[in-house]
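**Student:** okay, sequence plus prediction incoming.
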Protein chains: 2
Amino acid sequence: MGVKERKERDRAEMREMILTSAHRLFVDRGFEEVSIRNIAEAIEYSPATIYLYFKDKNEIFFALHTEAFKVFNEFLGPILQIADPFQRLVAMGEKYLSFALMHPQRYEIMFIIESPMDCDENSENWAEGRRTLGFLEGLLMECQAKGRFKGHNPQSLAFMIWSQMHGMCSLELRNRTRCYPEDSRLQIRNEAFESFKRILAQL
Amino acid sequence: MGVKERKERDRAEMREMILTSAHRLFVDRGFEEVSIRNIAEAIEYSPATIYLYFKDKNEIFFALHTEAFKVFNEFLGPILQIADPFQRLVAMGEKYLSFALMHPQRYEIMFIIESPMDCDENSENWAEGRRTLGFLEGLLMECQAKGRFKGHNPQSLAFMIWSQMHGMCSLELRNRTRCYPEDSRLQIRNEAFESFKRILAQL
DNA sequence: TTTTTTACTAAACACTGTTTAGTACTTTTG
DNA sequence: CAAAAGTACTAAACAGTGTTTAGTAAAAAA
C-alpha cells in the first residue's frame, strides 16, 4: 500500500469515527440538539478538526441521511419473502410505521428535518431515498398486474401512500396527536391504518 | 377606566406589538430564523423587554400558533356554504392543500415545528386545533348519515384523512418531493390528491 | 417629600456554526 | 544531514443564539 492510499484510508477512518460519534449522539438527543462541539468532544479532537473532514454540518446530515436509509432498507428486507404483492405492500406499510416509532431520530433525518437546498433529483444524497421509492412504485405495478388499483397512476399512487404513512408518523413524532387523550392515541392510529388498508384492499 | 384596567390594556397592547412584529418577521423568514433580538430590534426595545411580556420563545410560538389556526379557520369559512357534506369534505381538502402552499410558515408552526412538551389535550394552546379537527369529524359523521364511510370510525377516519393531507403538504414543504423531476412534482401531487378523492368517493 | 412601584435595559452567561492564524510534527528534497 | 514543504491539528476569535441578572430612571403612591 502506497503513501497516498494509506492517507486516503486514514482520512476515511477519521470520517467514519466522526460519523459514528455523531450518530450515537444524534440517536439519543436528536439532530438539532447535537453540536459540532459535542461531536468534537466525543472523539476528543477540537471542533475545527471536524471541518477538515466535513465541509459543514450539512455534510454530516447527508452522511447520516444515507446511513438511515440503508438501515431502513435492511429493515424492509424480510418482506421480500412475501409472494403476494398486495400483502407485501401491507407489510411495507407496517414496517414503515414501526420503523418511524422505533427509530424516531433516524426517521426525522430521513423525512422531517428541513434539508439544504442542493438536493434535487440529480443529487447523490437522495440515491437511497429514490431506491426505496422505486421499490414502492414497482410493488404497485406488480399489484396492478394482478388487477388491483385500476386506472390509478402507480407513481402518483406511490406518492399518495407514502404521504399517508408519513403523515401519520410525522404528526405523531411532532406531537400533533396530543389533541387526542393519551390512552386512545395508539388506538386511533391503528384504526386509521386499518381503514387505509381496507380502502386499498377494496381498490 | 381605572388605573389597573389601563395598565392591563397597555400590557395587552405591548404583547400585540411584539406579536405583530414577530409574525411579520416570521412570515418572511420562518420561525427558527427569527431571533428574540430580531423582534426586539423591530419594535425598538431591548431583547430583555420581550421577556417581560412573554415567558420565553415558546410562548410566542403558541401565540402565533393560535393566530395561524384562526386564519386557517377563516380561510375554511366559505366551504360552509356547500350543502352536500361530501362535497364540503373535498373542498376542505383542497383548501387545506392551498393553505399549506400559500402560507408555508403558518403551516409549519401549526403542524411541523417540534412543539414543547406542555401541550397535551388539556392545554389551551391547542383549542383552535381541536376545533378544526372537531369540524372534520362532524363532517365525516354527516357523510355517514348520508350512507358513506360505512363501518369506519369517524374519529379514526378523520385522523387518516388529516394524515394524508398533512403528509403531502409536509413532504412538499420539507423538500422531500425533490426526488421527482421539478416539472412533474405538481402533477404527481395533484394526481395523488385526485386518487385520494376517488377512493373516498367510492367508499 | 420620601418611598415604592413600574418599565426598561446593559451586560453577562452559556451556548451555537464556522473561520483564521498559527503550531508542532512528518516527509520530501537539495 | 539540513532546509524546505506539507500534514494534522488546535486556540482563539467572529458573529450569532435564548435567557437572566442587576441596576437605572421615571412615575405613582404614601
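**Tutor:** Noted; the coordinates are in hand.
**Student:** and chain A, which residues reach DNA strand D?
**Tutor:** Contact residues (CB under 7 Å from any atom of the strand) of chain A with DNA strand D: A:7, A:10-11, A:14, A:44-49, A:52. For every residue, glycine as well, the C-beta is placed using N, CA and C.
**Student:** pLDDT of stretch A:159-176, averaged?
**Tutor:** What stretch A:159-176 shows for mean pLDDT is 96.
**Student:** swap that for stretch A:194-203, please
**Tutor:** Mean predicted confidence for stretch A:194-203 is 93.
**Student:** run through who's touching it.
**Tutor:** Here stretch A:194-203 makes contact (CB atoms under 8 Å, 6 or more residues apart in numbering or on different chains) with A:86, A:89-90, A:93, A:148-149, A:152, A:161, A:164, B:152-153, B:156-157, B:160, B:199, B:202-203.
**Student:** just the buried members of the residues you listed?
**Tutor:** By neighbour count, with 16 or more other CB atoms under 10 Å in any protein chain shown, those hold A:86, A:89-90, A:93, A:148-149, A:152, A:161, A:164, B:152-153, B:156-157, B:160, B:199, B:203 as buried.
**Student:** and which of these is nearest to DNA strand D?
**Tutor:** Nearest to DNA strand D out of the buried ones among the contacts of stretch A:194-203 is residue A:164 (CB to the nearest atom of the strand; 34.4 Å).
**Student:** touching, that closest one and residue B:162? I think so.
**Tutor:** No - here residue A:164 does not reach residue B:162: they are 10.5 Å apart, not a contact under CB atoms under 8 Å.
**Student:** tell me which residues touch the residue nearest to the spatial centre of chain A, please.
**Tutor:** A centroid search over chain A (CA atoms, centre = their mean) returns residue A:110, at 3.8 Å, as the residue closest to the centre. Neighbouring residues of residue A:110 by CB under 8 Å, 6+ apart: A:65, A:68-69, A:72, A:129.
**Student:** 6 Å instead?
**Tutor:** Neighbour list for residue A:110: residue A:68 [criterion: CB atoms under 6 Å, 6 or more residues apart in numbering or on different chains].
**Student:** what's the pLDDT at it?
**Tutor:** pLDDT at residue A:110 comes out at 94.
**Student:** could you give the number of residues near the closest residue to DNA strand C within chain A?
**Tutor:** Relative to DNA strand C, the nearest point of chain A is residue A:35 (2.9 Å; CB to the nearest atom of the strand). Counted with other CB atoms under 10 Å in any protein chain shown, the neighbours of residue A:35 add up to 13.
**Student:** contacts for stretch A:39-47 next, please.
**Tutor:** A:17, A:21-22, A:36-37, A:50.
**Student:** of these, which is the most crowded?
**Tutor:** Busiest of the contacts of stretch A:39-47 [other CB under 10 Å] is residue A:22, holding 25 neighbours.
**Student:** show me how the record splits chain A into domains.
**Tutor:** According to automatic domain parsing, chain A is divided into the following domains: A:1-54, A:64-202.
**Student:** what about those domains, which gets the closest to residue B:26?
**Tutor:** domain A:64-202 (14.8 Å; CB to CB).
**Student:** ok, the closest one near DNA strand C or not?
**Tutor:** No - using CB under 7 Å from any atom of the strand, we find that domain A:64-202 stays clear of DNA strand C, coming within 9.5 Å at best.
**Student:** end-to-end on that domain?
**Tutor:** 39 Å (CA to CA, to the nearest Å).
**Student:** quick one: is stretch A:53-66 near chain B?
**Tutor:** No - Stretch A:53-66 does not reach chain B (CB under 6 Å from any CB of the partner chain); its nearest approach is 11.0 Å.
**Student:** quick revisit: just put the residues of chain A next to DNA strand D in TSV and tack on secondary structure, pLDDT and neighbour count.
**Tutor:** Below are the residues of chain A next to DNA strand D laid out as TSV (DSSP: H, G, I helix; E, B strand; the rest coil; pLDDT from 0 to 100; neighbours: other CB atoms under 10 Å in any protein chain shown):
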residue	secondary structure	pLDDT	neighbour count
A:7	helix	71	10
A:10	helix	81	10
A:11	helix	90	12
A:14	helix	96	16
A:44	coil	97	8
A:45	coil	97	17
A:46	coil	97	11
A:47	helix	97	13
A:48	helix	97	9
A:49	helix	97	15
A:52	helix	97	11
